[in-house]
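Novice: next comes the sequence, and after it the predicted model I'd like to discuss.
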Amino acid sequence: MDLSQYLNMFLEEASEHLQKLNELLLSLESSPDSRDILDDIFRSAHTLKGMSATMGFTRVAELTHEMENVLHKLRNGDILTTPNILDVLFQCVDSLENMVGDIAGGGTGERSIDHLVYTLRSCHSQVDERTTLPASSEEEKGSEKDVFSQSDIKIQAENQFTHLSFNEYEKNLIKQAIGQGFNCYHLVIHIDPSCVMKSARAFMIFKNLEAIGEIFKTNPSTNDIEEERFETSFELFLITSETESVVSKKVTGITEVEEPDIWPIQELNLTAAETSFPMAVISHDNGAAANSRLKSSQTIRVDAVRLDSLMNLVGELVINKTRLEQIGRVAQLTELNETLEQIDKITSDLQNVVMKVRMVPIDNVFSRFPRMVRDLAKDLGKEVELIIEGKETELDRTVIDEIGDPLVHLLRNSVDHGLEEPTQRLADGKSEYGRVVLSARHEGNNVIIEVQDDGRGLCAETIKNKAVEKGLVKAEEAAVLDENSLYRLIVLPGFSTAKEVTDISGRGVGLDVVKNKIESLNGTLHIESTLGQGTRFKIRLPLTIAIIQALLVSLENEVYAIPLSFIAETTSLMPDELKKIHEQQVALLRGEVLPLIKLHEVLQVPPAEIPKEQEINIVVVRKGDKKVGLIVDTLIGQQEIVIKPLGKLMGSIPYVAGATILGNGQVSLIIDVASLF
Amino acid sequence: MENVVQLVACSLDGEEYAIDIRSVQEIIRVLEITRVPHAASCMSGVINLRGMVIPVIDIRKRFGLPLKAPGESSRIVIVNWEGLLVGILVDSVSEVMSLSGENIEDPPSSGSNIDIRYFTGIGKLDGRLLLMLDLEKVLDISADA
């Protein structure tokens, strides 16, 4: 069978399971006795094993199999969850990630795993023979094919009773059915673990059984089964006039489905056992996990490229809508304008929906940090507690893709430079556990992401000296800098306050890279710090970077767009209100000195003979807590614009963030406000 | 006949040039070009080609020829160079012609007032001489900005 068509699915699911394993191992680290977590880890490893074996990636399957052996022992309590074992398991996950990465890159996933296998085996060889329980792993049970006799059920029942209650309606149904001479069966269906389309098999089973009777209850729910939210087995309850063997045949006639376990339900069971049923295989798989599975919403996977093209099309639609509006205004056709209002509403709804579709919870980025911080802390010999808040906060996919690296950098920075050594912390009267808080939240049309530590904070003197030493500022300038300007120094290229260059974050890429990245996303980076109490990096990002609100302004004959997110206000002044301080034009705005920038000069706008108003229009833009007034000729109005790149040939143009197409088809440039400061 | 190339012939400052038709996506009339400040001097700006923002090179500036505002016969030749769409502003486009290999020679070492490095060869047809543009060099703005 050609499995290549399933490769993408495999890769996606494999990386999901690996991510989950990482998370679960971390939670296991904090609560080593949790059986639930072990169960979840086991399940993930097991699924991964099945998947990779099916796809023929034997090394992955082999390693997960060995992991399973250890996990199994852990679950049974034969061996204890020690930090050593956890480390080995973490290494296994790393190695698996490596292999899956190799497969994704077109490789075979072949890696030497002998060392890990050896270590894993030595983990469980510590087991005392006496305590080894009779094998009861899931697969073995799953492959038991005997139809249980009554006595079997009792034994099974004693071990594995799960209380699955019937509601009154169901009880009545069973009573009536039995009363009318029908048979009621409880079936446990086992689908071959290597089966790729489990839901399709389930569908066929349902179809076959419904031909001879009525399925009145399933576990997990029919919906979950249809969406493959089960491992290899599920159970169902059937009312039929047929006998057990006929029912069994209906199921076994389907390929990749093993012979089901069937128990007849008697009315007696209902009352005597108080609606308890043996749940041979399912019992393990359901419990807590079933609940969480039920909670997961109905989702489909969509190729990101399709979403991008959908977004592009909506962008085109917005442009053309604006063009139509312009035509409508010029032609003054009432009917057209009415229709346009409708179209306007529909396009903005459509745009909102598409935007929402592209929104991804920031957890996609955050989820890899606990592991990273853990490893980092271990390497540095620090005790770090990472607290993540607001991981459900949603952001546009384009932003999500870009924000990972800056955050990695800030977190490394906090753990490495921000937090002190444990001994130092104790000496300072702090808890030896350093605390790093990573949080995300919405604020208006922005997302705020903060990385906050309770470490040593930034030392103003050190920063000043360093900046002077590096020639970033002159000594006399440094002396008069206020706090905010000081913090801005540390994001300059070539600045690093760490006393020693470490492997962790002293690699020559400084905070300037972080700042640039964030600014390229139309965001801002703000730093707050209190000496001895910690530092907070605050990132403000727009929700999306594809379609934004902008103010259109004209400079002579040219039209430019200024992103609304940067605009504090617009105002107009009389010429005599402009002053000059040291060659810098300024204006007084409500008692504050506002530096002015003449955009004509910055953008080299050729003068055109257009009569101008006497008043000077000023767009006040802000970045962090700095404000600057931009002098423009006229304010045209606010409009939704679609950001388009200028193209590779143009290269990066200073002061220009991109281009957009206006309603009249004209291309207008978007001003890169951040670069004006 | 296996060596025949198809060319788009265009003119610039009285001389004839040719662009391999395989690189040409379309030829359009000059539409409004938005100036881009601080761009390389040979870049006229950007245009809107059916919703795409595409940079336009003024080939006169590129070759150091005397400047001339686009006129009625001016055209923008949209070329697709390795997936990159770029407009080339020319004085006019005359025809599409076929030229067989034996009529193409190496670029002359002198004789034209234009730097020969922008050309792959020189085509001869009925006494006409066509300079064949080397798009790779012409579009490599950063090399000699």
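Specialist: Received the coordinates, thanks. Numbering: from 1, shown residues only, chains lettered A, B, ... in the order given.
Novice: all contacts plus neighbour counts: C-alpha atoms, from now on.
Specialist: Will do.
Novice: so which residue of chain B comes closest to chain A?
Specialist: residue B:37 (5.5 Å; Cα to the nearest Cα).
Novice: so who does the nearest residue to that residue once chain neighbours are set aside touch?
Specialist: Here the nearest residue to residue B:37 in space, its sequence neighbours aside, is residue A:603; by Cα to Cα, 6 or more residues apart in numbering or on different chains that works out to 5.5 Å. Counting by Cα atoms under 8 Å, 6 or more residues apart in numbering or on different chains, residue A:603 makes contact with A:655, B:37, B:38.
Novice: can you pull the pLDDT of residue A:603?
Specialist: Residue A:603 carries a pLDDT value of 90.
Novice: need phi/psi at the residue in the stretch 1-150 of chain A positioned nearest to chain B.
Specialist: In the stretch 1-150 of chain A, the residue that lies nearest chain B is residue A:105 (24.0 Å; Cα to the nearest Cα). When read as degrees, to the nearest 10, the backbone of residue A:105 gives phi -80, psi 10.
Novice: measure residue A:429 to chain B for me?
Specialist: 56 Å (Cα to the nearest Cα, to the nearest Å).
Novice: and that residue, how many neighbours?
Specialist: Neighbours of residue A:429 under the rule other Cα atoms under 10 Å in any protein chain shown: 9.
Novice: that one belongs to a strand?
Specialist: No. Under DSSP: H, G, I helix; E, B strand; the rest coil, residue A:429 sits outside any strand and is assigned coil.
Novice: who's the residue most central in space within chain B bridged to?
Specialist: When chain B is reduced to its mean C-alpha position, the nearest residue by Cα atoms, centre = their mean turns out to be residue B:88, at 5.5 Å. Beta-bridge partners recorded for residue B:88 (DSSP bridges): residue B:57, residue B:77.
Novice: up against chain A, what does chain B have?
Specialist: B:32-34, B:36-40, B:43, B:46-48, B:51-55, B:84, B:139, B:141 (Cα under 8 Å from any Cα of the partner chain).
Novice: let me see the contact set for residue A:377.
Specialist: Going by Cα under 8 Å, 6+ apart, residue A:377 touches A:383, A:384, A:415.
Novice: what ranges in chain A fall below the confidence cut-off?
Specialist: A:1-4, A:124-165, A:167-168, A:266-298, A:444-445, A:493-510, A:544-546 (pLDDT under 70).
Novice: ok, longest strand in it?
Specialist: Criterion DSSP state E: the longest strand present in chain A is strand A:433-443.
Novice: tell me the strands beside it, with direction?
Specialist: With DSSP bridges as the test, strand A:433-443 pairs up with strand A:383-389 (parallel), strand A:446-453 (antiparallel).
Novice: then the longest one to PDB, C-alphas only?
Specialist: Below are the C-alpha coordinates for strand A:446-453, written out as PDB (Å, rounded to 0.1, in the frame of the first residue of the first chain):
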ATOM      1  CA  ASN A 446      -3.900  44.600  20.300                       C
ATOM      2  CA  VAL A 447      -2.400  41.600  22.000                       C
ATOM      3  CA  ILE A 448      -0.100  42.200  24.900                       C
ATOM      4  CA  ILE A 449       2.500  39.600  25.600                       C
ATOM      5  CA  GLU A 450       4.600  40.000  28.700                       C
ATOM      6  CA  VAL A 451       7.700  38.200  29.900                       C
ATOM      7  CA  GLN A 452       8.300  39.100  33.500                       C
ATOM      8  CA  ASP A 453      10.900  37.800  36.000                       C
END
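Novice: buried residues in whichever helix or strand comes after that strand?
Specialist: Where DSSP states H and E defines the elements, the next helix or strand beyond strand A:446-453 is helix A:460-469. Of the residues in helix A:460-469, A:460, A:463, A:464, A:465, A:466, A:467, A:468 count as buried by neighbour count, 16 or more other Cα atoms under 10 Å in any protein chain shown.
Novice: next: stretch B:11-21.
Specialist: B:11, B:12, B:16, B:17, B:18, B:19, B:20, B:21.
Novice: pull the most distant pair out of those.
Specialist: Farthest pair in those (Cα to Cα) is B:12 and B:21. Separation: 17.7 Å.
Novice: re earlier: contacts for the longest strand of chain A?
Specialist: A:362, A:382-391, A:393, A:411, A:414-415, A:419-420, A:422, A:447-455.
Novice: mind giving me the PyMOL command for buried ones among these?
Specialist: A single PyMOL command selects the buried members of those (16+ other Cα under 10 Å):
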select buried, chain A and resi 362+382+383+384+385+386+388+389+390+391+393+411+414+415+419+420+422+447+448+449+450+451+452+453+454+455
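Novice: give me the below-cutoff pLDDT ranges for chain B.
Specialist: B:1-2, B:108-115, B:142-145.
Novice: how about a cut-off of 80?
Specialist: By pLDDT under 80, the low-scoring segments of chain B are B:1-3, B:50-51, B:106-117, B:141-145.
Novice: which residues in it form strands?
Specialist: Using DSSP E, strands in chain B cover B:5-12, B:15-20, B:24-29, B:43-49, B:52-58, B:75-81, B:84-90, B:92-99, B:104-105, B:119-125, B:128-133.
Novice: can I get those in a markdown table including distance to residue A:239?
Specialist: A markdown table is the format used below for the strands of chain B (distance: least, Cα to Cα, whole Å):
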| stretch | distance to residue A:239 |
| --- | --- |
| strand B:5-12 | 76 |
| strand B:15-20 | 75 |
| strand B:24-29 | 68 |
| strand B:43-49 | 66 |
| strand B:52-58 | 63 |
| strand B:75-81 | 67 |
| strand B:84-90 | 66 |
| strand B:92-99 | 78 |
| strand B:104-105 | 86 |
| strand B:119-125 | 82 |
| strand B:128-133 | 81 |
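Novice: which of those sits closest to residue A:308?
Specialist: strand B:52-58 (15.1 Å).
Novice: quick check: angle from the closest one to strand B:75-81?
Specialist: For strand B:52-58 against strand B:75-81, the angle by axes from the mean of the first three to the mean of the last three Cα atoms, to 10 degrees is 110 degrees.
Novice: okay, and the beta partners of the residue in the stretch 451-600 of chain A positioned nearest to chain B?
Specialist: Taking Cα to the nearest Cα as the measure, the point where the stretch 451-600 of chain A comes nearest chain B is residue A:558, at 8.1 Å. With DSSP bridges applied, residue A:558 shows beta-bridge pairing to residue A:555.
Novice: count the residues that sit near it.
Specialist: Residue A:558 has 17 neighbouring residues, counting by other Cα under 10 Å.
Novice: how much space between it and residue A:566?
Specialist: 21 Å (Cα to Cα, to the nearest Å).
Novice: repeat that for residue A:638.
Specialist: On the measure of Cα to Cα, residue A:638 and residue A:566 end up 13 Å apart.
Novice: before we move on, what about residue B:126?
Specialist: 62 Å.
Novice: just read off the phi/psi values of the closest residue to chain B within chain A.
Specialist: Nearest residue of chain A to chain B, counting by Cα to the nearest Cα: residue A:603, 5.5 Å away. Per-residue torsions, residue A:603: phi -100, psi 10 (degrees, to the nearest 10).
Novice: same question for the one 10 residues further on.
Specialist: Dihedral angles of residue A:613 (phi, psi; degrees, to the nearest 10) stand at phi -70, psi 160.
Novice: please report the distance of it from residue A:84.
Specialist: 76 Å.
Novice: chain B contacts on chain A?
Specialist: Residues of chain A lying near chain B (Cα under 8 Å from any Cα): A:316, A:603-605, A:644-650, A:653-654, A:659-661, A:665-669.
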